[in-house]
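*Asks:* sequence? don't have it. structure:
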C-alpha cells in the first residue's frame, strides 16, 4: 500500500467489478490518484498476509485505509465513496441504520448470484 492512498481489493475476473472500478474512476475525477486497485485473482497468499480470507475477498469488498487498517463489506464502500466529494452523500445514506442492513442483504444476494453463475460457467 502506498502512503496517503487507500487500496481496493477487487475481483478482476468479475466483469461487474471491473465496470464498478471504471465508473468510480470516472466519477472520482482528480481524486482517483488516491486509490490503488489490487486484483485479488490468484493472490490468495498475499491476501492471507494482509489478514484477508481469500474466500471472503470474493464475497465482500475489502479496502485498506491510509493507516493500513482493512475495512470490509459496506464499511469498505463507505470509505471508498467518501474519497469522492460527489459521492459523499451516498456514503452517508449507505451508513444509515435503516438502509445499511437492507443494502447488506442485497449486496450479498448479488455477490452469491454472481459467484454461482461463475461456477456454472467454469
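*Replies:* It's in. What you see is a predicted model, and the numbers here were worked out from it, not measured in a lab.

*Asks:* my guess is residue 52 meets residue 38, correct?
*Replies:* No - proximity of residue 52 to residue 38 does not meet the contact threshold set by C-beta atoms under 8 Å, at 10.3 Å. Where you see a C-beta, it was placed from the backbone N, CA and C, and this is true even at glycine.

*Asks:* Where do the strands of this structure begin and end?
*Replies:* The residue ranges that make up the strands of the chain, judged by DSSP state E, are 6-10, 35-39, 62-64, 70-72.

*Asks:* could those strands be laid out in CSV, adding distance to residue 109, mean pLDDT and mean neighbour count?
*Replies:* Converted to CSV, the strands of the chain look like this (distance: least, C-beta to C-beta, whole Å; pLDDT from 0 to 100; neighbours: other C-beta atoms under 10 Å):
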stretch, distance to residue 109, mean pLDDT, mean neighbour count
strand 6-10, 19, 94, 21
strand 35-39, 24, 93, 16
strand 62-64, 19, 96, 23
strand 70-72, 17, 96, 17
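
*Asks:* Of all the ones you listed, which one is nearest residue 107?
*Replies:* strand 70-72 (11.3 Å; C-beta to C-beta).

*Asks:* contacting residues around the closest one?
*Replies:* Contacts with strand 70-72, where a contact means C-beta atoms under 8 Å, 6 or more residues apart in numbering, come from 50, 51, 52, 56, 60, 61, 62, 63, 64, 65, 78, 79.

*Asks:* cool, stretch 47-58 as well?
*Replies:* Stretch 47-58 is contacted by residues 9, 11, 40, 43, 44, 62, 64, 70, 72, 111, 115 when judged by C-beta under 8 Å, 6+ apart.

*Asks:* list the contacts for the fourth one?
*Replies:* Going back to what we said before, that points to residue 43. Neighbouring residues of residue 43 by C-beta under 8 Å, 6+ apart: residue 54.

*Asks:* got the phi/psi numbers for it?
*Replies:* Dihedral pair for residue 43: phi -110, psi 30, per degrees, to the nearest 10.

*Asks:* rewinding a little: so for residue 52 and residue 38, which residues contact both of them?
*Replies:* Listed contacts common to residue 52 and residue 38 are residue 9; contacts here mean C-beta under 8 Å, 6+ apart.
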